Structures are given as C-alpha cells and as structure tokens.
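**Q** 3D, please:
(one chain, ligands or ions: 2)
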Amino acid sequence: MDRAPGHLSRAIVTETPATRIKLITLGNPGAGKSALVKQFCEGAFSSEYVATIGIDYGVKTLSLTAPVATAASSPTLVKVNFWDMAGDPVYQDVRNEFYRDTDGAIVVFDVCSKISFQAVDRWIAELRSYGDERVRLVLVGNKCESERRLISAEAASAKAEALGCRYQEASAMTGKGVHDIFMPMIQTITYVRQKTTTKPK
Ligand SMILES: Nc1nc2c(ncn2[C@@H]2O[C@H](COP(=O)(O)OP(=O)(O)OP(=O)(O)O)[C@@H](O)[C@H]2O)c(=O)[nH]1
Ligand SMILES: [Mg+2]
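**A** Numbers count the residues shown, from 1 in each chain. Ligands and ions are numbered 1, 2, ... in the order given. The predicted structure is shown next:
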C-alpha cells in the first residue's frame, strides 16, 4: 500500500503491451466494495471504514496462463482497471460519468443488511441507464463470515438468476470467495477480447 488509507495501489509500469479491461464496483455504502478490491489487489483488509469519496481508481496487472493463454502461447498480460464507486447517493452524478466502456460490474451487498440487498435492483437500474448492454455482471454477498447474516445464500442466488448473472459469496475480511469474484470475470472478458481481436489466418 503506497497511498493513504482508502485508496488503491499505484499502477505497475510495464513495457509489454497488455490487454486492458475495466471493472467497476457498485452497491450501497458500507457493503464492502473497496474492501473487496483491496483484498483482491493487495491481500489486505482493514476494519476501519473510510467511505469512498466519489470514485477511487486502481490497476492490477495479471499474467494469465491457461485457459486464457494456450500452453503453446506466452502468458497473456492483463491490466485490470478498477473503478471503485462510492455508494452514497450524493455521488450519483460522479458515478454516472464512469459507467461507459465498462467490461464487468461487481454488484455488492452486505449479507447482514436487508437494505443493501433490496438496493441491488436500483444499482442494476443505474448501471443499465448509464452503462453498455454488454457489461458482465456478478452479484456478491459480502461479509459472509459474519454470524449476523440476514440474507440467505438461496435468496441471493435466486436474485442473481433473475438478473441472469452469477452469485458469489465472499468475505473481504477473511479473503474467502474473493478470488472467485474477480478471476472468472477477468478470464472471460480477456478470452472474449482475444477472440474478437484476433483475425483468422
Ligand atoms: N465483517 C466484515 N466487515 C467487512 C467486510 N468487508 C468490509 N467490511 C467492513 O465494512 C466497512 C465498509 O467497507 P468498505 O469497503 O469501505 O465499504 P464500501 O462499499 O466501499 O463503502 P462506500 O465507499 O461508502 O460506498 C468497513 O468497516 C470494512 O472493514 C467483511 O467481509 N466482513
Ligand atoms: Mg468504498
């Protein structure tokens, strides 16, 4: 961590051309969006709540091997650009500037908060109003290690099915499920991008 608390890490400078993808996080204040990104990027967690002001940006460079890169090819370098949005309604105008050109959206609720779960539809509506149709979605129930859970995995899975997306339980605190939020999405987006940009010989 080389910036102030609540911020993401700096870009890793690389000379090699990389596939660039854009991911955004959505969800109510306090759901744990920033904590999930921090856990994925840095393997770290802070119990202090530093609300995101408007939006926060970070980039993580990954070297993907199979199944994205075939055994014969060299690993695929991917720069994942994270736009971590503030959940506070006061920042709606700020968020709306950043929905365009998004490849994947991580919609987060807190399994201990009915309000945050009920707000999922509103977040999807905001995304649909300002983002592109092609955006891939994953619904995330965060804080799953908590004993104060109010939303069952079954209810959340049904919501995800209605939305036509995957449901992933996670805990930014313990790290459980965090890899499985991001990696399948990053791999799919990268794979599709490669297929659509590689011309047949
Ligand atoms: N118990 C528990 N607490 C968590 C977990 N993830 C995040 N938190 C805590 O929840 C609070 C809010 O986390 P943030 O990541 O800042 O929430 P956010 O969704 O980014 O909130 P905004 O930036 O205001 O939209 C912090 O105190 C975190 O430490 C988790 O998995 N388990
Ligand atoms: Mg935040």
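**Q** for the residue nearest the centre of the chain, helix, strand, or coil?
**A** For the chain, the residue nearest the mean C-alpha position is I106 (3.8 Å; CA atoms, centre = their mean). What DSSP: H, G, I helix; E, B strand; the rest coil gives for I106 is strand.
**Q** So what's the residue count around the closest residue to it other than its chain neighbours?
**A** Closest residue in space to I106, ignoring its immediate chain neighbours: T25 at 4.9 Å, by CB to CB, 6 or more residues apart in numbering. Bear in mind the C-beta positions are built from the backbone N, C-alpha and C, glycine included. For T25, the neighbour count with other CB atoms under 10 Å is 26.
**Q** dump the residue contacts of T25.
**A** 33-34, 36-37, 82-85, 105-106, 108 (CB atoms under 8 Å, 6 or more residues apart in numbering).
**Q** Same check on F109?
**A** Applying CB under 8 Å, 6+ apart, we find F109 in contact with 27-28, 31, 116-117, 119-120, 139-142, 151, 156.
**Q** who's in contact with the closest residue to L36 other than its chain neighbours?
**A** In space, L36 comes closest to A172 once its chain neighbours are excluded; the distance is 4.6 Å by CB to CB, 6+ apart. With contact taken as CB under 8 Å, 6+ apart, A172 is in contact with 32, 35-36, 38-39, 45, 142-143, 178.
**Q** so Y49 sits right up against G32, yeah?
**A** No. With contact defined as CB atoms under 8 Å, Y49 does not reach G32; the gap is 9.6 Å.
**Q** Residue ranges in the protein under the pLDDT threshold?
**A** Along the chain, segments meeting pLDDT under 70 span 1-16, 66-73, 198-201.
**Q** how about the helices in it?
**A** Assigned by DSSP state H, the chain shows helices spanning 33-42, 92-96, 114-118, 120-130, 153-163, 178-197.
**Q** Would you tell me which of those helices gets closest to ligand 2?
**A** Proximity to ligand 2, assessed across the helices of the chain by CB to the ion, is greatest for helix 33-42 (3.2 Å).
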